[in-house]
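Visitor: Sharing a model prediction with you, sequence too.
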Amino acid sequence: MNSDRTTLLTGATGLLGSYLLRDLLFAERSVAVIARPTRRASAHERIETLVRGWESSLGIGLPRPVVLVGDLDRPLCGLGGADLGWVREHCEQIVNNAASLTFRGVDRDAEPWKTNVGGTVTMLALAEAAGIRHVHHVSTAYVAGLRTGIVLEDDGNVGQEFGNDYEASKAEAELLVRAAPHLDTATIYRPSIIVGDSATGYTSTYHGYYAALRLGHTLLTRVSLGSTSGRALLTLLGIDADSRKNFVPVDWVSAVIARGIASHSARGRTYHLTHPEPLAMEFVAEVIQEAVESYSVAAAPDAPDLCDEQWFADHLRVQLDLYQRYFRTDPSFDHPNTSTIAADLPCPALDRDTLLRMSKYAIQHNFGWFPPDAVVTELPRASSRRGTLAH
Ligand SMILES: NC(=O)c1ccc[n+]([C@@H]2O[C@H](COP(=O)([O-])OP(=O)(O)OC[C@H]3O[C@@H](n4cnc5c(N)ncnc54)[C@H](OP(=O)(O)O)[C@@H]3O)[C@@H](O)[C@H]2O)c1
């Protein structure tokens, strides 16, 4: 059982998962992924496209992961006898990275509960069935909910109120992983708000920072509200200009988790993957203003599809109360465990130029929305040496 040291990764087709896949393959680790098909591509095709993209971006060949077609919505991910036998024989640890980033949903049969809690139950059942005794679980720093002050890496649930159902579902999932009696180690990673690649600006998902950027972009391109100033944006979002939020680039988050996956002595702890220098929302709003004024194309006053305030009220305001809670001031996340395993991996600065690069990427890629027939396979260029990825 578990005769080699394959790492089984979920969520490899997502933003963080694609970087984890890159970093694990680059480090020449044996990797298997659980992935599901889309209407357009099989699970194998999706993973092959990703790995080819990384090969082209890195300028080197990469080994291929074993692709297991599976879905966290199905018992044991729907893995049949042969696949389950293969997992039992080869996999030593699971990286449970798949999740739903849906913020709101009270129905526990729907997102975010279905994937975040139900999917974690499924992953734990798979670990038990396959005799896997080590789980690395990607959580979020916002399991701290609406807490203020200092949040310790070792803090679990302390009766905190949550800002949304996503946070509550992730907190519940953490508890399930920690309590699983069949695991020897549960290692928890808690990133703050993940943004794009610190070097290239690349992203494939558009949550958090990008939601505010998209609002500024929409104001400029679709709504005749007049002002797109950073201050006006903060007012619209109901955000205190002095509040500070914690953003971390995806390449750094992945590099630290890959470090944790590779080190037996790192197992069993909780890691805050948070930035030592949270950003003032006033600065974030200024960057958003500069980005939309530089990269978005303002709608002409006589554009036929120009929307008015009523459109704005109907389509966007319903989302704003979510983001008002989301962009509240963060607590201070302590991070001694992360500092121990990643002392030589400082989190890259998120300065104006870096945020502008990320914003430009998002705007130029239309926040991930493309006409149905568009094919987008571009991945960022990254410099590489065997054994080390620059980030
Ligand atoms: N983004 C952030 O700001 C942030 C911050 C803190 C923590 N996190 C955590 O980081 C992790 C990765 O987030 P991300 O931003 O990379 O998310 P993402 O881009 O939305 O990717 C989510 C991944 O989960 C997979 N998935 C969802 N439901 C699944 C199911 N039923 N079966 C199999 N796979 C399923 C998706 O597969 P498909 O491609 O097939 O849909 C995708 O690969 C999550 O655990 C998230 O909670 C994210």
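Guide: Alright, I've got the coordinates. Numbers count the residues shown, from 1 in each chain.

Visitor: which element follows whichever strand or helix holds residue 9 toward the C-terminus?
Guide: Assigned by DSSP states H and E, residue 9 belongs to strand 6-10. For strand 6-10, the succeeding helix or strand toward the C-terminus, using DSSP H and E, is helix 15-26.

Visitor: Let me know the average pLDDT across the following helix or strand past that next one.
Guide: Counting by DSSP H and E, the next helix or strand C-terminal to helix 15-26 is strand 31-35. Per-region confidence: strand 31-35 scores 98 on mean pLDDT.

Visitor: now the angle between helix 15-26 and strand 31-35, please.
Guide: 150 degrees (axes from the mean of the first three to the mean of the last three Cα atoms, to 10 degrees).

Visitor: How about exporting the next helix or strand after strand 31-35 as PDB, limited to the C-alpha atoms?
Guide: The element immediately downstream of strand 31-35 (helix or strand, assigned by DSSP H and E) is helix 43-58. This file holds the C-alpha atoms of helix 43-58, laid out as PDB (Å, rounded to 0.1, in the frame of the first residue of the first chain):
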ATOM      1  CA  ALA A  43     -10.400  15.800 -18.000                       C
ATOM      2  CA  HIS A  44      -7.300  14.500 -19.800                       C
ATOM      3  CA  GLU A  45      -7.400  17.300 -22.400                       C
ATOM      4  CA  ARG A  46      -7.800  20.000 -19.700                       C
ATOM      5  CA  ILE A  47      -4.800  18.800 -17.800                       C
ATOM      6  CA  GLU A  48      -2.700  18.300 -21.000                       C
ATOM      7  CA  THR A  49      -3.600  21.800 -22.100                       C
ATOM      8  CA  LEU A  50      -2.500  23.200 -18.800                       C
ATOM      9  CA  VAL A  51       0.800  21.300 -18.700                       C
ATOM     10  CA  ARG A  52       1.600  22.200 -22.300                       C
ATOM     11  CA  GLY A  53       0.900  25.800 -21.400                       C
ATOM     12  CA  TRP A  54       3.400  25.600 -18.500                       C
ATOM     13  CA  GLU A  55       6.000  23.900 -20.700                       C
ATOM     14  CA  SER A  56       5.700  26.700 -23.200                       C
ATOM     15  CA  SER A  57       5.900  29.400 -20.500                       C
ATOM     16  CA  LEU A  58       8.800  27.800 -18.700                       C
END
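
Visitor: what inclination does helix 43-58 have with respect to strand 31-35?
Guide: Angle between the axes of helix 43-58 and strand 31-35 is 130 degrees (criterion: the same axes, to 10 degrees).

Visitor: and helix 43-58 with the ligand, contact?
Guide: No. For helix 43-58 and the ligand, the contact criterion (Cβ under 6 Å from any ligand atom) is not met; the two come no nearer than 7.3 Å. Yep, even glycine has a C-beta here, placed from its N, CA and C like the rest.

Visitor: what packs against that helix?
Guide: Judged by 3 or more Cβ pairs under 8 Å, 6 or more residues apart in numbering; DSSP states H and E, the packing partners of helix 43-58 are helix 15-26, strand 31-35, strand 66-69.

Visitor: Walk me through which strands the strand holding residue 9 pairs with, and which way each runs.
Guide: strand 31-35 (parallel), strand 91-96 (parallel) (DSSP bridges).

Visitor: Name the surrounding residues that touch the first one.
Guide: Residues outside strand 31-35 that contact it (Cβ atoms under 8 Å, 6 or more residues apart in numbering) are 6-10, 12-13, 21, 24-25, 43, 46-47, 65-70, 72, 77, 79, 87, 90-91, 98.

Visitor: circling back: can I get the strands paired with strand 6-10 in JSON lines with distance to residue 154 and mean neighbour count?
Guide: Formatted as JSON lines, the strands paired with strand 6-10 follow (distance: least, Cβ to Cβ, whole Å; neighbours: other Cβ atoms under 10 Å):
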{"stretch": "strand 31-35", "distance to residue 154": "30", "mean neighbour count": "26"}
{"stretch": "strand 91-96", "distance to residue 154": "20", "mean neighbour count": "25"}
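
Visitor: what's the closest of these to the ligand?
Guide: In terms of Cβ to the nearest ligand atom, the element of those nearest to the ligand is strand 31-35, at 6.3 Å.

Visitor: From the chain's centroid, how far away is that closest one?
Guide: How far strand 31-35 lies from its chain's middle: 17 Å, per Cα atoms, centre = their mean, to the nearest Å.

Visitor: CA atoms only for it - export them in PDB, please.
Guide: Extracted C-alpha coordinates of strand 31-35, given in PDB (Å, rounded to 0.1, in the frame of the first residue of the first chain):
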ATOM      1  CA  VAL A  31       1.600  13.700  -9.100                       C
ATOM      2  CA  ALA A  32      -1.900  12.500  -9.800                       C
ATOM      3  CA  VAL A  33      -4.900  14.800 -10.200                       C
ATOM      4  CA  ILE A  34      -8.600  14.300  -9.900                       C
ATOM      5  CA  ALA A  35     -10.200  16.400 -12.600                       C
END
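
Visitor: Skipping adjacent residues, who's closest to the residue in the stretch 201-350 of the chain positioned nearest to the ligand in space?
Guide: Sorted by distance to the ligand under Cβ to the nearest ligand atom, the residues of the stretch 201-350 of the chain start with residue 205, at 3.8 Å. Spatial nearest neighbour of residue 205, chain neighbours left out: residue 15 (4.4 Å); criterion: Cβ to Cβ, 6 or more residues apart in numbering.

Visitor: what do you get for residue 193?
Guide: In space, and not counting its chain neighbours, residue 193 is closest to residue 208: 4.0 Å by Cβ to Cβ, 6+ apart.

Visitor: what's the answer for residue 101, then?
Guide: Counting by Cβ to Cβ, 6+ apart, the nearest residue to residue 101 once its immediate chain neighbours are dropped is residue 207, at 5.2 Å.
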